[in-house]
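**Student:** Provided below are the primary sequence and the corresponding predicted coordinates.
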Amino acid sequence: MGTRRVLVTGCSSGIGLAVAVRLAKDDLKRFKVVATMRNLERRQALERAAGETLDHTLEIRQLDACSEDSIRECVNSLPDRRVDVLVNNAGVGMIGPLECQSVGAMQELFNTNFFGLARLVKEVLPDMKRRQSGHIVVMSSVMGIQGLLFNDVYSASKFAVEGFCESLAVQAMKFNIKMTLVEPGPVVTEFERKVYEDAADMDLSGTDEETAKIFKQIYLPYSRKVFTSLGQTPEEVAEQTFQLIVSRDPPFRHQTNRLYMPLTAMKHADPTGRLPIDTFYKLVFKHDRVFNASLSLMKLMTKRTGKSGG
């Protein structure tokens, strides 16, 4: 197989930037990377990270996942419109009590996280079908498998992504097109930091006192502990994504953080759904010491395994 063209979205920072650079720096030079972002004024970090690969194995282009015209313009600008691998990474976050979120903000989030994916796939899928080849790689989340406290809307968008891809994968297989969902747990990026900074300053007047207290005094401190104990770097997720792309037979789902697997496995262990919900409830509200001890143990395991993924 010759050089494969990879279109990556959301490359101004974080996982998207790391994936684009890792592919561009492939020793075997198997990839020509089209690294895209909505706002080209934010390209400096990518340019620095790309180094000598810039304008050789990596080029930067504008693409707004919320605009069909922008997506079409970008794909049309490529020779033969050829996209061998699509890495859908563009996304936005949202945490906090439901009563404090406007429906407009929820729709905006879905417009990027779900409809952005749908627009991109709709644009590249017909060409992949004609060529009878292609690989669609989607940055999902463990929250696309298991809902999490105060992540209702973000988790819903990732559930939508998972259902969309699971349905489409069957048809894609008929045309020799691979689909892979990459499901990170906590990843320490600017994206995450910004979401949590905004949450700390959030106006909680729209909810009751008890809920505001749970969010501020329990959820936010717990989240910080989880990120400190279990958080991966974007480079770790990018390396695993790279291995999935070079694999001859990539899996449909891949969780990047093996320490998170017991939490997502509970969902499949109990079809009634009681086990994961009761467990999360007890961890958050009943067993503070158990939660902290579990994180300490996981932190120790992380150091031993070098934070490697599954």
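**Tutor:** Here it is on my side, so go on.

**Student:** make it CA atoms for all contacts and neighbour counts henceforth
**Tutor:** OK.

**Student:** Would you list the phi and psi of the residue of the chain most remote from its centre?
**Tutor:** Within the chain, E209 marks the point farthest from the mean C-alpha position, 32.4 Å out by Cα atoms, centre = their mean. Note on E209: backbone dihedrals following degrees, to the nearest 10 are phi -60, psi -40.

**Student:** okay, it: pLDDT?
**Tutor:** With respect to pLDDT, E209 scores 95.

**Student:** which residues of the stretch 1-150 of the chain fall in helices?
**Tutor:** 14-24, 44-50, 68-76, 103-113, 115-131 (DSSP state H, counting those that start in this stretch).

**Student:** Buried ones in the second one, by neighbour count?
**Tutor:** Buried residues in helix 44-50, counting neighbours by 16 or more other Cα atoms under 10 Å, are found at 46-47, 50.

**Student:** Next, find the distance separating the nearest residue to R4 once chain neighbours are set aside from D55.
**Tutor:** Nearest in space to R4, with sequence neighbours left out and distances taken as Cα to Cα, 6 or more residues apart in numbering, is F31 at 4.8 Å. Computed as Cα to Cα, to the nearest Å, the F31 to D55 distance reads 13 Å.

**Student:** Which one's more surrounded, those two?
**Tutor:** F31 (22 against 14; other Cα atoms under 10 Å).

**Student:** pretty sure that one is touching L23, no?
**Tutor:** Yes. Applying Cα atoms under 8 Å, one finds F31 in contact with L23, separated by 6.3 Å.

**Student:** so N176 sits right up against G134, yeah?
**Tutor:** Yes. Counting by Cα under 8 Å, G134 is a contact partner of N176 at 7.3 Å.

**Student:** so where's this structure shaky on pLDDT?
**Tutor:** Scanning the chain for pLDDT under 70 picks out the ranges 1, 287-310.

**Student:** immediately after the longest helix belonging to the chain, which helix or strand?
**Tutor:** For the chain, the longest helix by residue count, based on DSSP state H, is helix 152-174. Past helix 152-174, further along toward the C-terminus, the next helix or strand under DSSP states H and E is strand 177-183.

**Student:** Enumerate the positions of the helix or strand following that following strand that are buried.
**Tutor:** Using DSSP H and E, the helix or strand that follows strand 177-183 towards the C-terminus is helix 190-200. Buried residues in helix 190-200, defined by neighbour count with 16+ other Cα under 10 Å: 192, 196, 199.

**Student:** so what's L23 up against?
**Tutor:** By Cα atoms under 8 Å, 6 or more residues apart in numbering, the residues touching L23 are 31, 33, 242.

**Student:** Distance check, the first one against H56.
**Tutor:** Taking Cα to Cα as the measure, F31 falls 10 Å from H56.

**Student:** The second one now?
**Tutor:** According to Cα to Cα, V33 and H56 sit 9 Å apart.

**Student:** just T211 next, same as before
**Tutor:** 52 Å.

**Student:** Who has more neighbours out of these two?
**Tutor:** Using other Cα under 10 Å as the criterion, T211 and H56 rank with T211 on top: 15 against 11.

**Student:** burial of the closest residue to that one other than its chain neighbours, as a residue count?
**Tutor:** Once flanking residues are discounted, T211 sits nearest to P97: 7.3 Å by Cα to Cα, 6+ apart. Close neighbours of P97, defined as other Cα under 10 Å, add up to 22.

**Student:** check contacts around P97.
**Tutor:** With contact taken as Cα under 8 Å, 6+ apart, P97 is in contact with 150, 204, 207, 211-212, 215.

**Student:** Got the phi and psi for it?
**Tutor:** phi -60, psi 140.
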